[in-house]
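K.L.:
Just the structure for this:
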Amino acid sequence: MLAPKEAVRRCRPTPTGGARRRYAEIEPQHAVETLVRARTVELDRVRVASAELSRLFAATQHGHAAEAEIIHGSEALGRWFVRLQQEAREEVRALDRPPYALTTSNPVEESALGKGVTYRVVYAPEALEWPGVLDDIRHLVGRGEQARVLPGIRVEVAIADRRIAPMPLSLDLSDVRAAVIRRSALLDALVEYWQLRWQQAAPLNAPAEDPLAEEDRLMLSLLVGGLKDEAIARQPGWSIRTMRRRMSSLHERLGVVTNRFQAGVVATRRGWI
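P.N.:
Model prediction:
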């Protein structure tokens, strides 16, 4: 409402334009009507803004927002993962680590690869401990997946076409919650984080058969036992240079990222020694 004092002020002579200040009288009712119309426009703008805020508030209360949607349960997360791959047109990027909410296999990926969708996946070494995971990776790499391995993966996420990304919010399988992130600054940051981890990772080679010669198996066993280079080389009668060259070759075949001790650990997990 218009305050009385303000209405009186509006009815006073109003200065007109020009270098020299002059005043003209304004009819009181006209002045009041002009003020009411101006205030009505302002109130309409507030009304529109409040309606938008109410919509966003309701969306948040139901787990939906412009940038993210919160989902609950393993099955809901699994459905989103399938949908993401089915709708992907160019590329799926992923960080993969256990625990797995439903299954370690991904039959949808092979179909998407057949349609020309590129898959680039960074696996945590812990994933290789799960039964069947290495065989699945070997199969998918044969179909065109680009796979790398990197220690220290703390999150699991899949990103389709820089457009959408479901990501578990915790590793607690008793209360599975995930965020489905859409185009936003948050998704851009997630893509950049994935790119950084991809650059840090090393190619994951998944040989179809045990590739170890008996001497290589001995070398890895001694390495796991904590022996130094000289002691390891001495057992099969190698020079230090030969031993290190063969270890470097095993690094490439194992897809190991950091050091020779890890090569022994991964080979042990695969049952090579």
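K.L.:
show me where this structure has strands.
P.N.:
14-16, 22-24, 68-72, 91-96, 118-123, 146-149, 157-160, 164-168, 177-182, 202-203 (DSSP state E).
K.L.:
Now that we have the ones you listed, can you turn them into JSON lines and tack on mean neighbour count, mean pLDDT and distance to S111?
P.N.:
Glycine gets a C-beta too; all of them are placed from N, C-alpha and C. Compiled in JSON lines, those are given as follows (neighbours: other C-beta atoms under 10 Å; pLDDT from 0 to 100; distance: least, C-beta to C-beta, whole Å):
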{"stretch": "strand 14-16", "mean neighbour count": "10", "mean pLDDT": "47", "distance to S111": "74"}
{"stretch": "strand 22-24", "mean neighbour count": "9", "mean pLDDT": "55", "distance to S111": "78"}
{"stretch": "strand 68-72", "mean neighbour count": "17", "mean pLDDT": "80", "distance to S111": "23"}
{"stretch": "strand 91-96", "mean neighbour count": "21", "mean pLDDT": "95", "distance to S111": "12"}
{"stretch": "strand 118-123", "mean neighbour count": "21", "mean pLDDT": "94", "distance to S111": "11"}
{"stretch": "strand 146-149", "mean neighbour count": "20", "mean pLDDT": "88", "distance to S111": "17"}
{"stretch": "strand 157-160", "mean neighbour count": "22", "mean pLDDT": "93", "distance to S111": "14"}
{"stretch": "strand 164-168", "mean neighbour count": "22", "mean pLDDT": "89", "distance to S111": "18"}
{"stretch": "strand 177-182", "mean neighbour count": "19", "mean pLDDT": "87", "distance to S111": "21"}
{"stretch": "strand 202-203", "mean neighbour count": "14", "mean pLDDT": "72", "distance to S111": "24"}
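K.L.:
State the number of residues packed around A38.
P.N.:
10 (other C-beta atoms under 10 Å).
K.L.:
Please report how far L169 lies from E215.
P.N.:
The gap separating L169 from E215 is 48 Å, by C-beta to C-beta, to the nearest Å.
K.L.:
circling back to that earlier point, would a markdown table of the strands of the chain with distance to A189 be doable?
P.N.:
Below are the strands of the chain laid out as a markdown table (distance: least, C-beta to C-beta, whole Å):
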| stretch | distance to A189 |
| --- | --- |
| strand 14-16 | 54 |
| strand 22-24 | 59 |
| strand 68-72 | 13 |
| strand 91-96 | 14 |
| strand 118-123 | 17 |
| strand 146-149 | 21 |
| strand 157-160 | 11 |
| strand 164-168 | 11 |
| strand 177-182 | 10 |
| strand 202-203 | 24 |
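K.L.:
Nearest approach to I137 belongs to which of these?
P.N.:
With respect to I137, and counting by C-beta to C-beta, the nearest of the strands of the chain is strand 146-149 at 5.6 Å.
K.L.:
Which strands or helices does that closest one pack on?
P.N.:
strand 118-123, helix 133-143, strand 202-203 (3 or more C-beta pairs under 8 Å, 6 or more residues apart in numbering; DSSP states H and E).
K.L.:
So which other helices or strands are in contact with the last one?
P.N.:
Contact analysis of strand 202-203 by 3+ C-beta pairs under 8 Å, 6+ apart lists strand 146-149 as its packing neighbours.
K.L.:
If you drop the residues flanking it in sequence, what lies closest to M167?
P.N.:
V157 (4.1 Å; C-beta to C-beta, 6 or more residues apart in numbering).
K.L.:
One more: L140?
P.N.:
That would be E109: by C-beta to C-beta, 6+ apart, it lies 5.9 Å from L140.
K.L.:
Same question for T104.
P.N.:
Leaving aside its sequence neighbours, T104 sits nearest to V133 (C-beta to C-beta, 6+ apart; 5.1 Å).
K.L.:
returning to that earlier point: OK, contacts around the residue nearest to L140?
P.N.:
Q85, V92, Y119, L140, R143, E145 (C-beta atoms under 8 Å, 6 or more residues apart in numbering).
K.L.:
quick one: which of the strands of the chain is nearest A38?
P.N.:
The nearest among those, by C-beta to C-beta, is strand 14-16 at 14.6 Å.
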